[in-house]
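# sequence and predicted structure below; questions after.
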Amino acid sequence: MKSDLFSKLLLGLVLLVVLPIAIPSCYLPHRAAVASKAAKHARGEDRLASAWHHAPLAYSEVSIQGPKAAIRVLADASELDAALNKWAKTNNIAAWEPASYADIAPYLDGNSRVRALGGKDSEGGSWGPFTVGVLIKPCEATQAKFSNEVQPSYWNSR
C-alpha cells in the first residue's frame, strides 16, 4: 500500500517537474523559426515584409474575378455612399443635389482602396456623378461586366 502511494507521488512529482520543462522544448524549432523570421524582417531581408512596408500595394495589380470582384465593387460603392452622406451633412447639402468625386474625396478614409483608385472602380470604370440621397451604383460598363455573376438587383442590396 505504501509503495503504491509512493509510486503515485513519484509520478505526480515527475509530471509537475519534468513535464513543464519537456513541453516547451517541443516548440523550440517553431520558436527558433519565428525568431529567425523576425530577425530577417528587422534587417529588411524578408522580401514580402520589406515590399509591404516600402511600396504601397497597387490595387490594380490585384486581380479578383467573378462574384468576389462584384462584392468588392459593392463595398466600394458603400464606402462612397458613406463619404457622400458625410459631405452632405457637413456642408448642409439637401437631397437631390449633385456631387462629384472631387467633392467627396476628402471624406474618404485615407487608407481606403477607393481613394487609392482615384475615382475609378476596381474594374476601371468611373464613379460619379453622384446625387445626394440616391444610392451609388457602379457605372453601366462595370455592371455589364458582372451580368453573368450577379443579378441587376444586386447593386441595390445595401
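Yep, that arrived. Numbering: from 1, shown residues only.
# how much space between residue 122 and residue 65?
The gap separating residue 122 from residue 65 is 11 Å, by C-beta to C-beta, to the nearest Å. Every residue, glycine included, has its C-beta placed from N, CA and C.
# more neighbours: which of these two?
residue 122 (21 against 8; other C-beta atoms under 10 Å).
# do I have it right that the more buried one meets residue 113?
Yes. Contact between residue 122 and residue 113 holds when scored by C-beta atoms under 8 Å: they sit 7.2 Å apart.
# the helices in the protein, which residues?
For the chain, the helices defined by DSSP state H occupy 2-26, 28-43, 47-54, 67-90, 101-104, 113-117, 140-145.
# could I have the fifth one exported to PDB, CA atoms only?
What follows is the C-alpha trace of helix 101-104 in PDB, where atoms were taken according to Å, rounded to 0.1, in the frame of the first residue of the first chain:
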ATOM      1  CA  TYR A 101     -15.800  62.600 -56.800                       C
ATOM      2  CA  ALA A 102     -13.600  65.600 -56.000                       C
ATOM      3  CA  ASP A 103     -16.300  66.900 -53.600                       C
ATOM      4  CA  ILE A 104     -16.400  63.700 -51.600                       C
END
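# quick one: mean pLDDT over that helix.
The average pLDDT for helix 101-104 rounds to 94.
# enumerate the positions of it that are buried.
Residues of helix 101-104 classed as buried: 101, 103-104 (neighbour count, 16 or more other C-beta atoms under 10 Å).
# before we move on, what about stretch 121-137?
By neighbour count with 16+ other C-beta under 10 Å, stretch 121-137 contains the buried residues 121-123, 125, 127-128, 130, 132, 136-137.
# and it, how far apart are its ends?
End-to-end span of stretch 121-137 (C-alpha to C-alpha, to the nearest Å): 10 Å.
# so what touches that stretch?
With C-beta atoms under 8 Å, 6 or more residues apart in numbering as the test, stretch 121-137 has contacts from 59-60, 64, 69, 72-73, 76-77, 80-81, 84-85, 88, 93-101, 103-104, 113-114, 119-120, 138-139, 141-143, 145, 155-156, 158.
# in the protein, which helix or strand is least confident?
helix 47-54 (a mean of 42; mean pLDDT, DSSP states H and E).
# tell me how many other residues crowd the residue lying closest to residue 103 once chain neighbours are set aside.
Excluding the flanking residues, the one nearest residue 103 by C-beta to C-beta, 6 or more residues apart in numbering is residue 87, at 5.8 Å. By the criterion of other C-beta under 10 Å, residue 87 has 19 neighbours.
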